[in-house]
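Colleague: Quick check, what structure comes out for this input:
(chains A and B)
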Amino acid sequence: MADPVRVYVKLKGKVQLPPGAVVRVKDVAELVTNSPAETAIREQVLHVLKPGDGNRYVVDMIQIIETLQRAYPELFVHNIGAEQMIIEVQLPKKKISLLLVAFVWIVLFIGSGLAIMNFHTDVSMPEVHQRIYELVTGKKNPHPLIIQIPYSLGVGAGMILFFNHIFRKKFNEEPSPLELEMFLYEQNVDEYVLAHEAPGAKKK
Amino acid sequence: MIISLFLALVGLSGGLIVGGGIVALITVLDLIPRFVQITKTDQYLLHFQWAVVFGAFFFTVFDFFSAPLYLPVFLLGIVGAFMGIFVGFLGAALTEVLNVIPILSKRMQVYDYLHWFIIALAFGKIVGSLFHWMIYLK
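Modeller: A predicted model of the protein is given here:
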């Protein structure tokens, strides 16, 4: 008796395809098979991305099994790893208006400045600076600028240091908190999509 | 006598809670891990912990009981810079906890310009702070 014809399918994590692309098995999964029709299996069409699919299309393992079974009824499909994966539809990159960037920049700049003033008032920073000035020098000074100007520059330096921006190459190669946040945010969105979006197979 | 004991108890309790609050704040914001990560000084983590504890303790004692030290004024410039770096860290950590920038840049599709926005935040802080001390308060 001949060995049964098997195919082992491992879904890829997340792929990006342009809109209107023909989704083939090889695009969304890696596979190992002893079938002589390996190339044909890889080229099997799963789906054609339509505008109605939105910008994320979920591929379910069952969809691949269905397609392969129809084309090769004698084929055993084995799933390894994840059962679903996401195709991210790469919309053509919109040209970002520099005006928008400037707008966001100004909002952050002014907001950040206002926030630090609110903070200083909230925690009575002026009184604390005056108190420190008096304790150290023995004199009163209602405007201890000798503390406050280095302090102000330090605030900016501390923020940049925290986001590890300018000195990244020098200090370390680890991701900065912002890059980590971006990554976690994307990951959360993917998980949400997998949990809430009906896989392509069931959407018909 | 009993009243004094009671007042001492009030002081002790208040101190315990405030001290716990400071540690909780610094812990929640992951300030020390961030310093350690940037400077790659993991093995000194415990020393940093004690730095926070002693800092809070000595400044309390200094504030409550010390006589003026009559030190030269330029020392305050150095102290001020250190205070600023710490507050800058605190502010950045707060911004980061609130997740403002990732969502903003994602929504408005301006991720490529992210570093400019960090610069905006930092310079906004510097300018806002200088404005507060040199113009607003005068």
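Colleague: so who does the residue nearest to B:Ile118 when sequence neighbours are not counted touch?
Modeller: Spatial nearest neighbour of B:Ile118, excluding adjacent residues (Cβ to Cβ, 6 or more residues apart in numbering or on different chains): A:Phe163 at 4.9 Å. In short, each C-beta sits where N, CA and C put it, glycine included. Counting by Cβ atoms under 8 Å, 6 or more residues apart in numbering or on different chains, A:Phe163 touches A:Ser176, A:Pro177, A:Leu178, B:Ala92, B:Glu96, B:Ile118.
Colleague: show me what contacts B:Thr27?
Modeller: So B:Thr27 contacts nothing (Cβ under 8 Å, 6+ apart).
Colleague: Which pLDDT value belongs to it?
Modeller: pLDDT recorded at B:Thr27 is 84.
Colleague: which other helices and strands contact the longest helix anywhere in chain A?
Modeller: When chain A is parsed with DSSP state H, its longest helix is helix A:98-122. Counting contacts by 3 or more Cβ pairs under 8 Å, 6 or more residues apart in numbering or on different chains; DSSP states H and E, helix A:98-122 packs against helix B:74-97, helix B:100-107, helix B:114-131.
Colleague: just to revisit the earlier point, tell me the pLDDT at the residue nearest to B:Ile118?
Modeller: 79.
Colleague: separation between it and B:Thr39?
Modeller: For A:Phe163, the distance to B:Thr39 equals 15 Å [Cβ to Cβ, to the nearest Å].
Colleague: follow-up on the earlier one: give the next helix or strand downstream of the longest helix of chain A.
Modeller: With elements assigned by DSSP states H and E, the helix or strand that comes after helix A:98-122 is helix A:125-137.
Colleague: Could you tell me how many residues sit around B:Pro33?
Modeller: B:Pro33 has 13 neighbouring residues, counting by other Cβ atoms under 10 Å in any protein chain shown.
Colleague: my read is it is in a helix, agree?
Modeller: Yes - according to DSSP: H, G, I helix; E, B strand; the rest coil, B:Pro33 belongs to a helix.
Colleague: The closest residue to B:Tyr136 other than its chain neighbours: what's it in contact with?
Modeller: Leaving aside its chain neighbours, B:Tyr136 sits nearest to A:Met117 (6.9 Å; criterion: Cβ to Cβ, 6+ apart). By Cβ under 8 Å, 6+ apart, the contact set of A:Met117 is B:Gly128, B:Ser129, B:Phe131, B:His132, B:Tyr136.
Colleague: Ok, A:His78 next?
Modeller: A:Arg6, A:Val7, A:Tyr8, A:Val9.
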